[in-house]
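Asker: need a 3D model of the sequence below.
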Amino acid sequence: MNFRIADTFTASLTRLTGDEQKASKTTAFDLQMQPAGGGMSFHKLDRAKDKNFWSVRVSSDLRLIVHKSEGSLLLCYVDHHDAAYAWAERRKLVTHPSTGAAQWVQIRETVQDVLVPVFVSAQQKENSPRAVANKLLFAGLTDEELLGFGVPQEWLEDVKQANEDTLLTLAEHLPAEAAEALLELATGGKPRAVKPAAILLSPFDHPDAQRRFRVMRNIDELQAALEYPWEKWTVFLHPEQRQWVERDYNGPARVSGSAGTGKTIVALHRAAYLARTHPDARVLLCSYSETLAHALRAKLGRLLTREPRLGLSFRLLDRYVETVDGVVAIGTMHLAKGLEFRAVAVMACDDEVIPSQERIEAVGDEADLQEVYDTERHLLYVACTRARDHLLVTSGGDKSEFLADLIG
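Answerer: The predicted structure follows:
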């Protein structure tokens with residue numbers, strides 16, 4: 001029997017007290033060892049729309065929600081009795097009819113708006129800010145197109161009625177791939193439709209399903225996932241992004257995208273990939289922000305936790321700027337001067353980050369402003385020219401104006 005864990009379980013676990021988390025983890029370990037239940041108390045949720053939902057007793061008040069089917073046991077959620085039951089009664093696990101991915105679907109609630117009549121002219125109605133905001137964003141899309149983005153069938157009509165006022169609230173109720181596609185459409189982008197996997201032995205094998213469900217093959221994997229669950233998910237690389245990590249670039253490469261699209265994760269996996277494929281090389285992963293550099297160090301440690309050699313082969317550069325052969329170095333751009341690396345990743349090269357908006361706003365006269373611009377431009381140039389063979393530069397929505405100097 002496949003034993004799986006959902007991101008909703010790890011997220012709910014972090015909201016419990018320390019003692020409650022310990023008891024829940026013990027129950028999870030027991031379930032992995034004896035998926036059939038053994039001496040544990042299973043209770044079928046009669047009010048749940050999904051008849052495969054069961055609750056497992058953790059303590060007098062704590063309940064662990066599992067989804068049990070032939071050949072699979074999925075840890076879904078954990079909370080106090082009433083809250084846990086309410087969570088399960090509002091959801092069901094389905095296989096999307098178009099993409100083939102396993103996804104959570106929230107049960108739609110019927111909401112009736114009370115309309116207060118406002119008497120205005122037709123022209124006023126058409127040109128009012130409210131009329132503009134209430135323009136339907138996706139009314140022109142067919143059901144097939146929306147399904148192709150991963151929208152659940154039950155939510156098609158809600159999506160077609162979405163406007164600027166309701167989109168963000170609606171997105172919270174949709175699977176991640178559907179929400180991301182709709183937000184990109186609403187901002188003028190052209191998201192790619194989710195392609196059905198060629199051959200799926202299970203709907204959990206789909207790349208989008210792997211964003212939220214993981215197979216726990218042994219007790220060590222489950223223990224690691226429960227030890228720092230959210231951090232584990234923050235270093236997950238979406239299968240479609242792997243091409244940017246493992247591609248052989250003929251010169252520098254820039255990866256851009258809006259916030260939350262996974263640029264940092266791509267850079268982390270790129271650094272790990274280069275370290276694996278070139279074990280004798282030094283790989284530099286740097287950022288303009290010291291805070292982000294510390295975060296990268298922690299995430300890289302979690303990413304390589306199962307690889308002892310690689311897990312020890314990185315360090316955070318300090319003011320002494322000590323580097324070691326075969327070690328991934330993480331640091332700020334200020335510390336890169338005078339060093340050379342086979343591969344370099346420079347992150348967060350965004351407008352208002354380079355040049356630093358904080359430094360610009362602190363300038364008193366025009367002469368000092370030019371000095372700030374020159375210093376910041378030179379800082380980016382130094383960081384990028386530390387690369388001997390490979391250079392990766394990432395940015396968010398609006399890239400730094402200085403990148404044009406590098407591209408030429």
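Asker: give me the domain ranges for the protein.
Answerer: With domains defined by automatic domain parsing, the chain comprises 2-101+197-229, 122-186, 235-407.
Asker: mean pLDDT and mean neighbour count added to these, as JSON lines?
Answerer: Using the backbone N, CA and C atoms, a C-beta is placed for each residue, glycine as well. Listed next are the domains of the chain as JSON lines, based on pLDDT from 0 to 100; neighbours: other C-beta atoms under 10 Å:
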{"stretch": "domain 2-101+197-229", "mean pLDDT": "86", "mean neighbour count": "17"}
{"stretch": "domain 122-186", "mean pLDDT": "82", "mean neighbour count": "16"}
{"stretch": "domain 235-407", "mean pLDDT": "79", "mean neighbour count": "17"}
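Asker: tell me which of the ones you listed lies nearest to I107.
Answerer: I107 lies closest, by C-beta to C-beta, to one member of the domains of the chain: domain 2-101+197-229, at 5.1 Å.
Asker: hang on, the earlier thing: can you redo the domains of the chain as CSV with distance to R108?
Answerer: Formatted as CSV, the domains of the chain follow (distance: least, C-beta to C-beta, whole Å):
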stretch, distance to R108
domain 2-101+197-229, 10
domain 122-186, 6
domain 235-407, 26
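Asker: so which residues of the protein form strands?
Answerer: Ranges of strands in the chain, per DSSP state E, are 2-6, 42-44, 53-57, 62-69, 72-80, 91-95, 102-106, 213-215, 253-256, 283-287, 314-316, 328-332, 341-347, 387-395.
Asker: which other residues reach the last one?
Answerer: Residues from elsewhere that reach strand 387-395 (C-beta atoms under 8 Å, 6 or more residues apart in numbering): 249, 251-256, 263-264, 266-267, 270, 274, 284, 340-350, 384, 403, 406.
Asker: the helices in the stretch 301-408 of the chain, which residues?
Answerer: Secondary structure of the stretch 301-408 of the chain (DSSP state H, counting those that start in this stretch): helices at 308-311, 357-361, 366-384, 403-407.
Asker: please save the CA atoms from the second one in PDB.
Answerer: Provided in PDB are the C-alpha atoms of helix 357-361 (Å, rounded to 0.1, in the frame of the first residue of the first chain):
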ATOM      1  CA  GLN A 357      15.900  52.200  -3.500                       C
ATOM      2  CA  GLU A 358      16.900  52.700   0.100                       C
ATOM      3  CA  ARG A 359      20.300  54.200  -0.900                       C
ATOM      4  CA  ILE A 360      18.700  56.400  -3.600                       C
ATOM      5  CA  GLU A 361      16.100  57.800  -1.200                       C
END
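Asker: that one - contacts with which helices or strands?
Answerer: Under the contact criterion of 3 or more C-beta pairs under 8 Å, 6 or more residues apart in numbering; DSSP states H and E, helix 357-361 touches helix 366-384.
Asker: now the angle from the helix it packs on to strand 387-395?
Answerer: Orientation check (axes from the mean of the first three to the mean of the last three C-alpha atoms, to 10 degrees): helix 366-384 against strand 387-395 gives 120 degrees.
Asker: packing partners for helix 366-384?
Answerer: strand 341-347, helix 357-361, helix 403-407.
Asker: with distance to S395 as added columns, please give those in TSV.
Answerer: Shown next, in TSV, are these (distance: least, C-beta to C-beta, whole Å):
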stretch	distance to S395
strand 341-347	8
helix 357-361	15
helix 403-407	7
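Asker: quick one: closest of the ones you listed to S59.
Answerer: Nearest to S59 among these is strand 341-347; the distance by C-beta to C-beta comes to 43.9 Å.
Asker: chain center to that closest one: distance?
Answerer: Offset of strand 341-347 from its chain centre (C-alpha atoms, centre = their mean, to the nearest Å): 23 Å.
Asker: name the residues that touch it?
Answerer: 263-264, 267, 270-271, 274, 278, 281-288, 292, 296, 329, 333, 336, 380, 383-384, 386-394.
Asker: sheet partners, orientation included, of that strand?
Answerer: Note on strand 341-347: by DSSP bridges, its sheet partners are strand 283-287 (parallel), strand 387-395 (parallel).
Asker: which of the ones you listed sits closest to G150?
Answerer: Nearest to G150, of the strands paired with strand 341-347 and by C-beta to C-beta, is strand 387-395 at 25.6 Å.
Asker: dump the closest one to PDB, restricted to CA.
Answerer: C-alpha atoms of strand 387-395 as PDB (Å, rounded to 0.1, in the frame of the first residue of the first chain):
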ATOM      1  CA  ALA A 387      31.800  33.400 -13.300                       C
ATOM      2  CA  ARG A 388      34.400  31.600 -15.500                       C
ATOM      3  CA  ASP A 389      32.000  29.100 -17.300                       C
ATOM      4  CA  HIS A 390      28.400  29.500 -16.200                       C
ATOM      5  CA  LEU A 391      26.400  32.600 -15.100                       C
ATOM      6  CA  LEU A 392      22.700  32.500 -14.100                       C
ATOM      7  CA  VAL A 393      20.900  35.800 -13.200                       C
ATOM      8  CA  THR A 394      17.400  35.900 -11.800                       C
ATOM      9  CA  SER A 395      14.900  38.700 -11.400                       C
END
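Asker: isn't A329 right next to A271, touching?
Answerer: No. When contacts are counted by C-beta atoms under 8 Å, A329 is not listed as touching A271 (9.7 Å).
Asker: how near is the closest residue to A171 other than its chain neighbours to H378?
Answerer: Distances taken as C-beta to C-beta, 6 or more residues apart in numbering put A179 closest to A171, at 3.9 Å, once the chain neighbours are dropped. Per C-beta to C-beta, to the nearest Å, A179 is found 41 Å from H378.
Asker: check H67 too.
Answerer: Distance from H67 to H378, by C-beta to C-beta: 56 Å.
Asker: let me see the contact set for Y288.
Answerer: Contacts for Y288 (C-beta under 8 Å, 6+ apart) come out as 332-333, 347-349, 353-354, 356, 379.
Asker: go again using 6 Å as the cut-off
Answerer: The contact partners of Y288, taken as C-beta atoms under 6 Å, 6 or more residues apart in numbering, are 333, 348, 353-354.
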